[in-house]
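Build me a model:
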Amino acid sequence: MLGWVFGKLWVVLLPVILGLLFATVLWPPTRFLRRHGWPPALAAAVVLLAFLGLLGGLIAVIAPQVADQVTELADQAADGLEQVQQWLQGPPFNLDQEQIGRYVDQAINSVQSNASNIAGYAATGATAVGNGLLNLLLALLLAFFFIKDGPRWVPWLAAQTGPRAAPHVAALSQKTWSTLSEFIKQQALVGFVDALFIGIGLWIFDVPLVIPLAVLTFFGAFIPIIGAFVAGAFAVLIALVDEGFTVALIIFGIVLLVQQIEGNVLQPIIQGRGFNLHSAVVILAVTAGSSLAGIIGAFLSVPVAALIAVVYRYTRDVFDGRHPEVAGDGTHTRVSGDDEGAVLTRASGTPG
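Reported below is the predicted structural model:
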């Protein structure tokens with residue numbers, strides 16, 4: 001029933017969730033400014049504008065490179081198709097020109113027969129892009145209010161839940177926020193390491209679109225396992241089109257080596273400080289999220305799974321009599337949040 005309700009309210013929940021993820025990134029600099037006497041609204045506005053400026057600068061750096069090199073890559077792709085055609089004409093396939101032409105004609109006829117479906121997919125894609133931009137705008141607006149008024153949330157929520165539930169609500173709110181923050185920090189570190197070393201490998205072998213591929217690798221890290229695979233496949237494909245099979249094989253080896261070091265060395269070290277989900281759970285979560293909500297679902301699947309795990313573990317500990325976030329006398333819990341100090345929420349529901 002909860003799944004059905006969330007599905008109906010997804011258009012509202014998605015900007016909220018994205019806004020929370022943005023807030024985890026924007027809160028540390030906002031907290032720094034507030035500690036130095038900046039008003040909450042001004043600190044939140046300055047940090048948000050700086051964040052937008054950083055994204056705009058990144059796009060300004062990437063776009064000219066893609067525009068300059070995409071034509072060259074298209075020409076090289078055409079040359080690559082001609083090489084594939086010549087390869088098919090030799091052993092072991094031994095296809096003649098007429099057979100290859102017939103297969104190409106069949107492919108063209110198939111595309112033409114499905115032209116209406118393709119147009120529908122294009123229209124759906126354009127609608128999805130428009131909805132994505134709208135959700136992004138709403139998420140940024142919500143992130144502004146989250147980082148401006150966020151420290152007031154836990155005392156207010158605890159005051160609405162009554163004296164028995166207030167300590168647990170405050171503790172669980174802090175644990176879920178810490179989990180989201182830890183996820184962003186972990187995946188940003190993993191993405192930076194992957195992008196740095198894979199980008200160096202691409203630069204050494206003179207593969208084009210180094211910066212766009214490095215940025216794609218960085219953001220691919222936020223979709224664990226699947227994102228790294230897709231980003232690595234793009235890097236290998238570009239290397240194959242531009243530099244040939246040998247360089248593509250070397251880039252494949254570099255990508256594989258970096259991902260093995262990340263998965264077997266870096267991930268265990270950084271995940272020891274935060275939540276820990278088994279790789280099978282991560283794969284199932286990404287698969288379920290992508291099938292339910294596409295790319296956005298794949299991106300949000302792991303943090304949502306981690307939050308579910310946090311709620312489950314906390315509830316299990318409460319039933320077992322173990323809830324260290326709540327004081328031994330059951331009267332209060334200390335929750336870190338506001339920059340003026342920790343927020344003390346009493347069991348009576350009154351913010352301390």
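
Figure out the helix or strand that the closest residue to Phe183 other than its chain neighbours lives in.
Spatial nearest neighbour of Phe183, excluding adjacent residues (Cβ to Cβ, 6 or more residues apart in numbering): Pro303 at 5.0 Å. For the C-beta atoms, the positions are set from N, CA and C on the backbone; glycine is no exception. Element membership of Pro303 [criterion: DSSP states H and E] is helix 279-319.

Could I get the average pLDDT for that helix?
For helix 279-319, the mean pLDDT works out to 81.

Packing partners of it?
Other elements packing on helix 279-319 under the criterion 3 or more Cβ pairs under 8 Å, 6 or more residues apart in numbering; DSSP states H and E are helix 10-35, helix 166-204, helix 226-243.

for the ones you listed, which one sits closest to Ile261?
Each of the helices and strands packed on helix 279-319 has some distance to Ile261 by Cβ to Cβ; the shortest is helix 166-204, at 8.2 Å.

Tell me which residues of that closest one come out buried.
Residues of helix 166-204 classed as buried by neighbour count (16 or more other Cβ atoms under 10 Å): 166-177, 179-187, 189-191, 193-195, 197-199, 201-202.

pLDDT of stretch 41-53, averaged?
The model assigns stretch 41-53 a mean pLDDT of 92.

so where's this structure uncertain?
Along the chain, the parts satisfying pLDDT under 70 run over 69-105, 107-129, 224-225, 263-264, 267-276, 323-352.

ok, back up a step: redo the helices and strands packed on helix 279-319 as JSON lines? Include distance to Thr287.
JSON lines is the format used below for these (distance: least, Cβ to Cβ, whole Å):
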{"stretch": "helix 10-35", "distance to Thr287": "18"}
{"stretch": "helix 166-204", "distance to Thr287": "18"}
{"stretch": "helix 226-243", "distance to Thr287": "8"}
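
Kindly indicate whether the residue nearest to the spatial centre of the chain is helix, strand or coil.
With distances taken as Cα atoms, centre = their mean, Phe222 lies nearest the centre of the chain, 3.4 Å away. When classified by DSSP: H, G, I helix; E, B strand; the rest coil, Phe222 comes out as coil.

Could you measure from it over to Leu257?
Phe222 is 21 Å from Leu257, where distance means Cβ to Cβ, to the nearest Å.

go on, Gly289?
28 Å.

thinking again about what came up before, out of the helices and strands packed on helix 279-319, nearest to Arg152?
That would be helix 166-204 among these, by Cβ to Cβ, at 12.0 Å.
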